[in-house]
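Colleague: Here's a sequence, model it:
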Amino acid sequence: MKSRHNICNLMLFALLLLSHSMVFSQSNKQQELEDRRQELRQEIQKINALQLENKSKEKSQLSLIESFNYKISVLNNLISVTNQQANLLTREINANQKRITKLRDELKELKEDYAAMIVKSYKSKNQQSRIMFLLSSNNFKQAYKRLQYMKQYADHQKQQGQEIKSKSEELQRINVNLLKQKEDKQKLIAENKEVQKTLEEERRKHQNLIASIKKNINTYASQIKKKQQEADKIDREIEKIIREAIASSNKKAGKAESSIGFALTAEEKVLASNFASNKGKLPWPVEKGFVTVGYGTQPSPIDKSLTIRSNGVRIATEKGAKVRAIFNGEVSRIVVIRNSNPVVMIRHGNYITAYKNLSKVYVKEGDKVTTKQDIGEVFTNPSNGDTILNFILYENLNTLNPSEWIYKM
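Modeller: Next comes the predicted model:
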């Protein structure tokens, strides 16, 4: 009997732990979704602010398409996250409603038992009847057991009263929580309707813009090819400089110059290790901005038959935006190519960051820079108001996806 009782207690304890774990897990998930929703809302605010700032400018059609694509993507993500929150709240509301029903049934049963106990206690309240109950015992052992029984009965009565109070308070808490959850869900639904309206409006503008571009698709296709050729030209020059720097480092270390990686000094190894350990936590190269073109090969948003090869990311920012070093390092080169804007290259051990399309450069080759130090200013195209920073991240000669390294990119 004792063993069975212990097993039952263990099972009850396990169920309580499981229930608590599920509630904790749901709470964590809800917080994660809310954090993500706020991030997306802030991202939309950044896009709107930058679009408003350049409203007076005649933005290039290509830049507008990139902005529309990104904004539509963020709006879709916001709707998806908000729907997940609403669905999770629905599950929590249903669980709470079931819990309330169960608690009410338990309270009803407890109160009935307690009422019966009080009636019975009242009937035996007479002090004389209690004394007689004890005195009528056949022996001292029986009297002691009866005394223990009376004490246990009184304790049980008190415990029942406390349990009723505790369950009543729990019921009240769940009811309050339930009302808040229903209110939160209604707010999310209302907000999602507004976001849906904004999304439809952005899609309409996007479709109108695409329609106008398709009337003169050859001209825009030519612009895309030209921009790609210019980007490729600069990227080839950067890769040539990195290859030469790798050969030079290996020559100094007495190694084969044909090596594909930097020969690092002890100090450079520490710097590279620190850089790598900050993956996903590195700051943005500009204080305000959003990515209009991501890393990798992708179809053109205007002509799907054309591909965009992006060794890094393109970040739209505000006029006069300062460019910041994303980590401690040394300015290895300032690259100036004819008909192109300057590029600053910073070396962090065997990692290199390249900041393209600058109008001003605040540093010189050989300068030691620190995290978030201003190194220049992003160029603003006077004809259309575009302020775009091209940012590339290398490990030796290999390009890396900046969105995996920069915090919440």
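Colleague: my guess is Gln84 meets Leu33, correct?
Modeller: Yes. Taking contact to mean CB atoms under 8 Å, the distance of 5.5 Å between Gln84 and Leu33 places them in contact. For the C-beta atoms, the positions are set from N, CA and C on the backbone; glycine is no exception.
Colleague: Neighbour count for the two, which is higher?
Modeller: Set Gln84 next to Leu33 and count neighbours by other CB atoms under 10 Å: Leu33 wins out with 20 against 17.
Colleague: what residues are up against that one?
Modeller: For Leu33, the contacting residues are Val81, Gln84, Gln85, Leu88, by CB atoms under 8 Å, 6 or more residues apart in numbering.
Colleague: and which of those is nearest Ser27?
Modeller: Checking the contacts of Leu33 against Ser27 by CB to CB gives Leu88 as the nearest, at 9.9 Å.
Colleague: just the helices in the stretch 1-150 of the chain please.
Modeller: For the stretch 1-150 of the chain, the helices defined by DSSP state H, counting those that start in this stretch occupy 2-53, 61-123, 127-135, 140-214.
Colleague: mean pLDDT lowest for which of those helices?
Modeller: Of all the helices of the stretch 1-150 of the chain, the segment with the smallest mean pLDDT is helix 127-135, scoring a mean of 56.
Colleague: Give me the pLDDT for the residue of the chain positioned farthest from its centre.
Modeller: Among the C-alpha atoms of the chain, the one farthest from their average position, using CA atoms, centre = their mean, is that of Asn138, at 75.0 Å. As summarised for this prediction, Asn138 has a pLDDT of 72.
Colleague: Tell me how far it lies from Lys145.
Modeller: Distance, Asn138 to Lys145, by CB to CB, to the nearest Å: 11 Å.
Colleague: mind listing what Thr292 touches?
Modeller: Thr292 makes contact with Ser63, Glu66, Ser67, Asn69, Tyr70, Arg314, Ile315, Ala316, Ile388 under the criterion CB under 8 Å, 6+ apart.
Colleague: could you flag which of those residues are buried?
Modeller: The neighbour-count test (16 or more other CB atoms under 10 Å) marks Ser63, Glu66, Ser67, Tyr70, Arg314, Ile315, Ala316, Ile388 as buried among the contacts of Thr292.
Colleague: and which of these is nearest to Ser403?
Modeller: Using CB to CB, the buried ones among the contacts of Thr292 come closest to Ser403 at Ile315, 10.9 Å.
Colleague: Phi, psi for that closest one please.
Modeller: Ile315 adopts backbone torsions of phi -120, psi 120, taken as degrees, to the nearest 10.
Colleague: from memory it sits against Lys288, does it?
Modeller: No. Using CB under 8 Å as the test, Ile315 is too far from Lys288 to be in contact (9.5 Å).
Colleague: outside of the helix or strand where Ile388 lies, which residues touch it?
Modeller: In the assignment (DSSP states H and E), Ile388 maps to strand 388-395. Residues from elsewhere that reach strand 388-395 (CB under 8 Å, 6+ apart): 63, 231, 235, 238, 242, 285-286, 289, 292, 311-317, 321, 323, 350-358, 378-379, 399-402, 405.
Colleague: cutoff 7 Å now
Modeller: 242, 285-286, 311-317, 323, 350-357, 378, 399-400, 402, 405 (CB atoms under 7 Å, 6 or more residues apart in numbering).
Colleague: Among the residues you listed, which ones are in strands?
Modeller: Among these, the members falling in strands are 313-316, 323, 351-356, 378, 399-400 (criterion: DSSP state E).
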